[in-house]
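Asker: Return atomic coordinates for the entry below.
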Amino acid sequence: MPILSQWMMNRDQTHIHDQTYGFLFYECSIPNRLQTHSGWTVEQSDLDAFFRQNLTANGFTANEIHDFIDYWCPRLVDYPVYEIYPQTRKDIDPLVKLHISEPPQTLLRLYYFLENGPIHSLLIQPQILSLTISFFFAY
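Answerer: Here you go, the predicted model:
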């Protein structure tokens, strides 16, 4: 499978990516240099509630949370327990470069790395930073 070194997208004045979603979703392969020292151990049956609380605390909107849960929770059924490691902007920026021609007033980058748990008996509780979301923002 070829690996793209970059891709481009344009947005219109309504900030809507397509006719359904007001944001751009993408998946990518990144080097295996993710942080795994802080995170949460979550039972599969509690994933919906966990993501609702965690995404809300991270500043995501109700629509974004709904879309995330609708997509991911039905797919996360392989294990009874997951370890969830948040990858924040300080973790992501060195691995996945982001160039935006019109820099947003707010930039939130949050990835979740999940493993079959429990793996670590003593995970450090991550600190969630509050952001003020401005009109033009990027995740």
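Asker: Now do the contacts for the residue nearest to the spatial centre of the chain.
Answerer: Centroid-nearest residue in the chain: Tyr111, 3.2 Å away (criterion: C-alpha atoms, centre = their mean). Shown in contact with Tyr111 (C-beta atoms under 8 Å, 6 or more residues apart in numbering): Pro86, Gln87, Asp91, Ile92. Just so you know, the C-beta spots here come from the backbone N, C-alpha and C atoms, and that holds for glycine as well.
Asker: before we move on, what SS does Phe68 have?
Answerer: Following DSSP: H, G, I helix; E, B strand; the rest coil, the label given to Phe68 is helix.
Asker: Just give me the neighbour total for it.
Answerer: 16 (other C-beta atoms under 10 Å).
Asker: what's the answer for the one 10 residues further on, then?
Answerer: Neighbouring residues of Asp78 were enumerated by other C-beta under 10 Å; the total is 9.
Asker: which SSE is it in?
Answerer: Counting by DSSP states H and E, there is no helix or strand that carries Asp78.
Asker: And the strands in the chain, which stretches?
Answerer: Listed in chain order, the strands of the chain (DSSP state E) span 40-43, 81-88, 106-107, 110-116, 137-138.
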